[in-house]
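Undergrad: predicted model follows, preceded by the sequence.
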Amino acid sequence: MSNDREIDLSKAAYGYVRGKHYDMAILPWGATEPHNLHLPYLTDSILSHDVAVDAARIALNKYDVRAMVLPSVMMGAQNPGQRDLQFCIHYREDTQRAILRDIVASLAHQGINKLLIVNGHGGNSFKGMIRDLAVDLPNFIILSSEWFTVLPGKQYFEEPGDHADELETSVMMHYHPELVRLEDAGPGEARAFALPTLNQKVAWLPRHWTQVTDDTGIGNPHLATAEKGRVFAEAVAEKYAQLLCELSSVRSISDLYEHPSENTTEKQKMVSGDLYSATDPALIRELNNVKDILHHYNSLPPTDIDGHRNILHSLLGNIADDKAKILQPFRCDYGKHISVGKRFFANFNLTILDEAPVTIGDDCFIGPNVNIYTACHSTNPEKRNTRQEWARPVNIGNNVWIGGDVTILPGVTIGSRVTIGAGSVVVSDIPDGSVAVGNPCKVIKSV
């Protein structure tokens, strides 16, 4: 596919990646073990990778969400007895933990704070590792999923098992028919526990593989077809793409949860331009989350262009391309109410109080120490002390140059092809094709 070099690190070169914003990373994780007599040892790694790439492709083409699929990890944990089989490799949980920790640390350093693990091996469990990493990196979001359980196999296959079965064989036949030797496959018959309570799952212990199956498979693979695999794999990839789309709007841990108060009167009032309480707990929580993000942004090395870009794309409501640049330090209130057009540039000390939408067009330049305000307070001290506010949007057209030390007040619209002179205070609308200066800012000529 034409864009796979942007989303599949096993094919990507830095020239395809540099300058592009990535919403998150996807980590396929499998194992090294026999899969009955007819599938590759690396089946779990191959299939988790291929499903992840399909999902990333859909997310980019359908939702304009870019996720990078990392190379598949083939270090899987094995049951007792599996190490007795030739070239079946068991990797301890400590090894897996170290691998995951280093991957997450590298991504976090680069400003990417979301990772989806697409697990292809039932013996792997990442829950404890993810909980530990949440202690070390509380703002990093790690999700884990087994691709083969995203949708119920019984709706797609006649006799799904759980290892080298009809499901896995079908999906491998869809992606890599050249790697499947179905004529060599064993029946995949499995023996149950002799203890009824273990079969009833009163307690768990790992199955001893050589006692359970003679061909390492569990489930009949002979019912597999490439068409069954295609239908299932495409449905799973679509589900993952939906997840990636939803995750792209998540900027902090709190965004993952419902906050009923955020949908009540104060948030609605602020967005609609009515009076609202600036001390509403939900609003304060959101403001504090943004402060943490901005602290990280403003602490990055000035030369870390990719880190700046990644944070801006996750913070602002919309950025039209990957060319936007805001020099440090930058401050805003909510971020998500800010939209900037193509080739946007802002110099040092830009402050935007975006209680209402701030919309900026294409090819806009903003000088240093510029302030854009949408929040309003009463001039009556008694009313002002109630912390009641209201907000009015600010709109700036295309091809606008805002000079240094300019202040733009709530409710102002600045047209296209406008220059605002340094030190101006813009209190009212400025029409298209104008040069305007002063306090209050007034048009001095047309262009």
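TA: Right, received. Where do you want to start? Numbers count the residues shown, from 1 in each chain.
Undergrad: just give me the neighbour total for the residue found closest to P40 once you drop the neighbours it is linked to in the chain.
TA: Leaving aside its sequence neighbours, P40 sits nearest to L179 (Cβ to Cβ, 6 or more residues apart in numbering; 5.3 Å). Glycine gets a C-beta too; all of them are placed from N, C-alpha and C. Neighbour count for L179, taken as other Cβ atoms under 10 Å: 14.
Undergrad: Y91 now?
TA: Neighbour tally, Y91, other Cβ under 10 Å: 18.
Undergrad: my guess is it contacts A77, does it?
TA: Yes: in this structure Y91 lies within contact range of A77 using Cβ atoms under 8 Å: 6.2 Å.
Undergrad: now for the two: what residues contact both?
TA: Residues touching both Y91 and A77 (Cβ atoms under 8 Å, 6 or more residues apart in numbering): there are none.
Undergrad: could you measure from K269 over to D354?
TA: 16 Å (Cβ to Cβ, to the nearest Å).
Undergrad: out of those two, which sits in the more crowded spot?
TA: For K269 versus D354, the count of surrounding residues by other Cβ under 10 Å is larger for D354: 24 against 18.
Undergrad: show me where the stretch 251-400 of the chain has helices.
TA: 265-272, 281-299, 305-315, 381-384 (DSSP state H, counting those that start in this stretch).
Undergrad: mind exporting the C-alpha coordinates of the first one to CSV?
TA: If I follow you right, that is helix 265-272. The C-alpha coordinates for helix 265-272 follow below in CSV (Å, rounded to 0.1, in the frame of the first residue of the first chain):
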residue,chain,number,x,y,z
THR,A,265,-24.3,23.6,33.2
GLU,A,266,-20.9,25.2,33.7
LYS,A,267,-19.1,23.6,30.7
GLN,A,268,-22.1,24.1,28.5
LYS,A,269,-22.4,27.7,29.6
MET,A,270,-18.7,28.4,28.8
VAL,A,271,-18.9,26.8,25.3
SER,A,272,-22.2,28.6,24.5
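Undergrad: next one: it to chain centre, how far?
TA: Averaged C-alpha coordinates place helix 265-272 at 27 Å from its chain's average position (Cα atoms, centre = their mean, to the nearest Å).
Undergrad: show residues contacting it.
TA: Against helix 265-272 from outside (Cβ under 8 Å, 6+ apart): 261, 274-277, 280, 282-283, 355-356, 389-391.
Undergrad: residue ranges with poor pLDDT in the stretch 101-250 of the chain?
TA: Residues of the stretch 101-250 of the chain meeting the criterion pLDDT under 70: none.
Undergrad: circling back to that earlier point, filter the contacts of helix 265-272 down to the buried ones.
TA: Among the contacts of helix 265-272, those classed as buried by 16 or more other Cβ atoms under 10 Å are L275, Y276, D280, A282, L283, E355, A356, E389, W390, A391.
Undergrad: distance check, the nearest residue to the second one once chain neighbours are set aside against S446.
TA: In space, and not counting its chain neighbours, Y276 is closest to K269: 3.7 Å by Cβ to Cβ, 6+ apart. Here the distance between K269 and S446 works out to 39 Å (Cβ to Cβ).
Undergrad: cool, E178 as well?
TA: From E178 to S446 the distance is 69 Å (Cβ to Cβ).
Undergrad: more neighbours, those two?
TA: Between E178 and S446, counted using other Cβ under 10 Å, the more crowded position is S446 (10 against 7).
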